[in-house]
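Peer 1: Provide a 3D model corresponding to the input given below.
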Amino acid sequence: MKTLIIEDEKAAVNNLKALLADLAPQCNIVGITDSITDSIKWLQENPAPELVFMDIHLADGSAFEIFEHTEIQCPVIFTTAYDEYALTAFRVSSVDYLLKPIGEKDIKRAFDKMYLLAGNRQRENHSLSQLIKSMNLQKQYKTHFLIPGKGGKLIPLPVDSAMYFFINDGIVHALTRNGESYAIPHTLDELGEILNKKVFFRANRQYLISREAVVDIDYWFNGRLSINLTKMTKDKIIISKARVNEFKEWFSGELL
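Peer 2: So this is what the prediction gives:
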């Protein structure tokens, strides 16, 4: 099982390596990174790992930033000295959330949970892609929002009426086919997890878009793409070079 460790404390790395060698010898540590920058680079330049141990607090910021620049399609076991990030952790491909110092019981529990989710605890060297598929099959995507309106009323807003979601003055809004804008009580990160990824694509930090919102696409500098949305907005949405193929696969409906 190809395993990547993202951790900036040497003592924590050594402890984790020792625990894995003793309790999970099937783990083959293929990389160790200690920063957001190095982790993104490693994930972009190496074959995808099958499991990631990820510390949340790294020297150059929060490890959650890694998910904004590259897609991790394998289970992630978070390690941290703090417990306030548990909810955010489970919005990405998180299997478990271990509080430091990590011990044998923590590792055993995390692997038991991972194999249980995979639906095959007896097969230690199983294909981790099955885990992702089983998790996706269980996921129920949001279909409607209830938006607070005047007079204490709640306005139903079908998700499929939204052309795209965007941030304005720190607040997330949904723009509908009718050109109406509604404030949404979720972050874009949250929307990325509760909305169907076949329908909506996280283009950048400001926009989550649907295919229907795309008017046309320009080739941009340095191998990037510029997405022109419906004339309801004048913004150009730039897709980074690293995510061009991902965008094309999403747009053509090739993503699972």
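Peer 1: for the rest of this, base every contact and every neighbour count on C-alpha atoms.
Peer 2: Will do.
Peer 1: start to end distance for stretch 20-40?
Peer 2: End-to-end span of stretch 20-40 (C-alpha to C-alpha, to the nearest Å): 23 Å.
Peer 1: now that stretch, how far from the chain's geometric center?
Peer 2: 19 Å (C-alpha atoms, centre = their mean, to the nearest Å).
Peer 1: and stretch 153-166, what's buried?
Peer 2: For stretch 153-166, the neighbour count (16 or more other C-alpha atoms under 10 Å) marks 157, 159, 162, 163, 164, 165, 166 as buried.
Peer 1: what's near enough to touch the closest residue to the last one other than its chain neighbours?
Peer 2: Yep, that's residue 166 we're talking about. Spatial nearest neighbour of residue 166, chain neighbours left out: residue 207 (4.6 Å); criterion: C-alpha to C-alpha, 6 or more residues apart in numbering. Residues near residue 207 by C-alpha atoms under 8 Å, 6 or more residues apart in numbering: 164, 165, 166, 167, 188, 237.
Peer 1: hmm, which two among those are most spread apart?
Peer 2: Farthest apart among those by C-alpha to C-alpha are 188 and 237. That separation is 15.2 Å.
Peer 1: of those two, who's got more company?
Peer 2: Of the pair residue 188 and residue 237, residue 188 is the one with more neighbours under other C-alpha atoms under 10 Å, namely 22 against 18.
Peer 1: sorry, back to before: give me phi/psi at the residue nearest to residue 166?
Peer 2: phi -130, psi 140 (degrees, to the nearest 10).
Peer 1: where in the stretch 51-200 of the chain is pLDDT low?
Peer 2: 82-93, 118-140 (pLDDT under 70).
Peer 1: now the strands: where do they sit in it?
Peer 2: Listed from the start of the chain, the stretch 51-200 of the chain has strands (DSSP state E, counting those that start in this stretch) covering 51-55, 57-58, 61-62, 76-80, 94-99, 144-148, 154-158, 162-168, 171-176, 181-183, 200-202.
Peer 1: first-to-last residue distance for stretch 160-172?
Peer 2: 17 Å.
Peer 1: neighbouring contacts of that stretch?
Peer 2: 143, 173-177, 183-188, 200, 206-210, 212-213.
Peer 1: one more time with 7 Å, if that's ok
Peer 2: With contacts defined as C-alpha atoms under 7 Å, 6 or more residues apart in numbering, stretch 160-172 is touched by 173-177, 183-184, 186-188, 206-210, 212-213.
Peer 1: can you give me the helices for the stretch 151-256 of the chain?
Peer 2: Using DSSP state H, counting those that start in this stretch, the helices of the stretch 151-256 of the chain run over 188-194, 244-251.
Peer 1: would a markdown table of those helices with distance to residue 64 be doable?
Peer 2: Converted to a markdown table, those look like this (distance: least, C-alpha to C-alpha, whole Å):
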| stretch | distance to residue 64 |
| --- | --- |
| helix 188-194 | 10 |
| helix 244-251 | 19 |
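Peer 1: and those, which is most packed in?
Peer 2: With neighbours defined as mean count of other C-alpha atoms under 10 Å, these peak in mean count at helix 188-194, which reaches a mean of 17.
Peer 1: which of the strands of the stretch 51-200 of the chain sits closest to residue 251?
Peer 2: strand 200-202 (8.6 Å).
Peer 1: pull out the buried residues from the closest one.
Peer 2: Here strand 200-202 shows 200, 201, 202 as buried, counting by 16+ other C-alpha under 10 Å.
Peer 1: how close does the residue located most distally from the centre of the chain get to residue 174?
Peer 2: Relative to the C-alpha centroid of the chain, counting by C-alpha atoms, centre = their mean, residue 151 is the outermost residue, at 37.0 Å. Distance from residue 151 to residue 174, counting by C-alpha to C-alpha: 21 Å.
Peer 1: cool, and residue 144?
Peer 2: With C-alpha to C-alpha as the criterion, residue 144 and residue 174 are 12 Å apart.
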